[in-house]
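Undergrad: The sequence and its predicted three-dimensional model are supplied below.
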Amino acid sequence: MVDLQNNIVTQYRGFWWLSEKESQRVPGILTRFSDGRIILDLIGSFDSDENNPMGDWTSNLNGERTILGIDENAKLISLWGRRFAPKRNFASTFAIVSYRVRVMMYGKHCNSLTEKYNYRILAKIPELSYWCLPNLLKESITYDVEENPTSVSIQLNLNNDILNPRAISELADGTVLRLYDDGICQTDGTLLSPIIEQYTVLELWNGKGLSLSESIHIIKRFEKFLSFAMTKQVYHNEIKIQDLSNPQTNLSGKIYYNSSFVYLSGDKEQNKIVRPPHFLFNHDIIKDDFSEIIHHWISEDSETAPLTDHLVDSIIPNTNNISIYFLTVIQAIDGYWQRYREDNYNKSKKKNTSINEILKVLSSELTSIPSMNEYSLDIDAAADSRNYYSHLLKKSSKEHILYGEDLLSITGKLRTLLLFCILKATGFSDRAINKIIEQYKGIFV
């Protein structure tokens, strides 16, 4: 580990080559920055030859390449990235060619992101244990007659039955997603400073095989689901791959699988210390519907998934500028209506349904939930404020424009409505919606 320009990085020095040109190896340094960048700097070029030692400046500038390598520790590395402009010095006989790496696999050579292998994918998300399996670590202290502590014991209650995980869902392509608990105890050999950690693992497996691109997509979709549940952005801090087609046996005869690790461009160093978050809902609330909800959420097609992501991003609080956040929320409600409800509601198509009518219909549906029968929304004020802040119009004496605390209050009520819309759009059952709204109505109202 080194510190370059106050940016903690990991560096891998070695030889690198294109997957289709193994004989043409080029020395270079691969660097992972703490801000998520992964850069490969080559001392030379993959496209150089005896007649052109500098290589072709412009070849494959726009195409992603599969690059294989081996570092100074004899670890195998696979990269997928795009070349950008070389640092050419005409006084030198070689070029420094750089690649922006999108995906890095450490520990294995892989020729394709889309080729299926018999992989078992294990991902860790720091907040997942709080959401799904909190409090597996139990502490007990023994005191003497003078109430002085005499012993401390810590128990980690793990469910080691992989075939019976805490939560499971089968996706549309047959991939099985499991959540199960695990933990570690690391010491320095003296037990003076043990590190005891509980964590929850997101596991993916498919009997027909899994590709890296499929696995990354599922993990990213689950991250967005968990971000929604916590109303904050969450990210993985580890992706580990076990190749089940190549079992190994240790000296005691136990079978194990070699592990590789995947790093993605944009992955930032995650602090392992995570404050207990506030949940919109946790696993206990939706455990009866977990399989169906996750199946729907992750199996969304490429057209609707970005829309869902936008709705989720819209509900995550941003109170730095309340008028902008107010617009974000009410525009997301309008977007939900236009995408999922307008065609069935407005069959005449003479003109689009007004925001006033949209809020009226959705509010009526929301108040059908018993715990929300007292929900009320000043629809005219919401619509007028939306027009005012969207188009910067002059204020009319007839309009109901909200500012300050009043704008903050109605934004909270609109968030409740947006929550209701997202739950409807992403496959939550009426039972789950009722439980979530009833359990956490005080967050927004």
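TA: Noted; the coordinates are in hand. Residues are numbered from 1 along each chain as shown.
Undergrad: CA only for contacts and neighbour counts going forward, please
TA: OK.
Undergrad: Which parts of the stretch 251-400 of the chain are helices?
TA: If DSSP state H, counting those that start in this stretch is used as the criterion, the helices of the stretch 251-400 of the chain fall at 283-286, 290-298, 305-315, 322-340, 342-345, 355-366, 379-391.
Undergrad: And stretch 65-72, what's buried?
TA: Along stretch 65-72, these residues count as buried under the neighbour rule (16 or more other Cα atoms under 10 Å): 65, 66, 67, 68, 69, 70, 71.
Undergrad: thinking again about what came up before, looking at the helices of the stretch 251-400 of the chain, which is closest to residue 37?
TA: Nearest to residue 37 among these is helix 305-315 (23.1 Å), distances taken as Cα to Cα.
Undergrad: how many other residues sit next to residue 253?
TA: For residue 253, the neighbour count with other Cα atoms under 10 Å is 8.
Undergrad: Now for it: which residues touch it?
TA: When contacts are counted by Cα atoms under 8 Å, 6 or more residues apart in numbering, residue 253 is found next to no other residue.
Undergrad: Among the buried residues of stretch 65-72, which ones are in strands?
TA: Helix and strand membership here follows DSSP state E; of the buried residues of stretch 65-72, those in strands are 65, 66, 67, 68, 69, 70, 71.
Undergrad: how far away is the closest residue to the fifth one other than its chain neighbours from residue 227?
TA: Spatial nearest neighbour of residue 69, chain neighbours left out: residue 16 (4.2 Å); criterion: Cα to Cα, 6 or more residues apart in numbering. Distance check for residue 16 against residue 227: by Cα to Cα, to the nearest Å, it reads 37 Å.
Undergrad: Quickly find the element holding residue 421.
TA: helix 404-425 (DSSP states H and E).
Undergrad: Quick one: work out the angle between that helix and helix 379-391.
TA: If you take axes from the mean of the first three to the mean of the last three Cα atoms, to 10 degrees, helix 404-425 sits at 100 degrees to helix 379-391.
Undergrad: Only C-alpha atoms, please: export helix 404-425 in PDB.
TA: Taking Å, rounded to 0.1, in the frame of the first residue of the first chain, the C-alpha atoms of helix 404-425 are listed here in PDB:
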ATOM      1  CA  GLY A 404     -39.700  27.000   4.200                       C
ATOM      2  CA  GLU A 405     -41.300  24.700   6.800                       C
ATOM      3  CA  ASP A 406     -44.500  24.400   4.900                       C
ATOM      4  CA  LEU A 407     -42.700  23.200   1.800                       C
ATOM      5  CA  LEU A 408     -40.700  20.800   3.900                       C
ATOM      6  CA  SER A 409     -43.900  19.400   5.500                       C
ATOM      7  CA  ILE A 410     -45.700  18.800   2.100                       C
ATOM      8  CA  THR A 411     -42.500  17.200   0.700                       C
ATOM      9  CA  GLY A 412     -42.700  14.700   3.600                       C
ATOM     10  CA  LYS A 413     -46.300  13.900   2.700                       C
ATOM     11  CA  LEU A 414     -45.300  13.500  -1.000                       C
ATOM     12  CA  ARG A 415     -42.500  11.200   0.000                       C
ATOM     13  CA  THR A 416     -45.100   8.900   1.600                       C
ATOM     14  CA  LEU A 417     -47.100   9.000  -1.700                       C
ATOM     15  CA  LEU A 418     -43.900   8.200  -3.600                       C
ATOM     16  CA  LEU A 419     -43.100   5.300  -1.300                       C
ATOM     17  CA  PHE A 420     -46.500   3.900  -2.000                       C
ATOM     18  CA  CYS A 421     -45.900   4.300  -5.800                       C
ATOM     19  CA  ILE A 422     -42.500   2.600  -5.600                       C
ATOM     20  CA  LEU A 423     -43.900  -0.300  -3.600                       C
ATOM     21  CA  LYS A 424     -46.700  -0.700  -6.200                       C
ATOM     22  CA  ALA A 425     -44.300  -0.600  -9.200                       C
END
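Undergrad: mind listing what's buried in it?
TA: Buried positions in helix 404-425, judged by neighbour count with 16+ other Cα under 10 Å: 407-408, 410-423, 425.
Undergrad: So which elements touch that helix?
TA: Under the contact criterion of 3 or more Cα pairs under 8 Å, 6 or more residues apart in numbering; DSSP states H and E, the helices and strands touching helix 404-425 comprise helix 305-315, helix 322-340, helix 355-366, helix 430-444.
Undergrad: mind running it again at 6 Å?
TA: The criterion is 3 or more Cα pairs under 6 Å, 6 or more residues apart in numbering; DSSP states H and E, and there are no helices or strands that helix 404-425 contacts.
Undergrad: what is the rounded mean pLDDT of that helix?
TA: The predicted model gives helix 404-425 an average pLDDT of 89.
Undergrad: Then stretch 185-194?
TA: Computed over stretch 185-194, the mean pLDDT rounds to 68.
Undergrad: Figure out the length between the terminal residues of that stretch.
TA: Terminal residues of stretch 185-194 are spaced 7 Å apart (Cα to Cα).
Undergrad: Strands along the stretch 151-300 of the chain, start to end?
TA: 167-170, 176-186, 195-205, 238-249, 255-264 (DSSP state E, counting those that start in this stretch).
Undergrad: List of residues touching the first one?
TA: Contacts of strand 167-170 with the rest of the structure, by Cα atoms under 6 Å, 6 or more residues apart in numbering, involve 176, 177, 178, 179, 291.
Undergrad: centroid residue for the chain?
TA: With distances taken as Cα atoms, centre = their mean, residue 223 lies nearest the centre of the chain, 3.0 Å away.
Undergrad: any idea how far residue 234 is from it?
TA: Going from residue 223 to residue 234 by Cα to Cα gives 6 Å.
Undergrad: Done for today, thanks.
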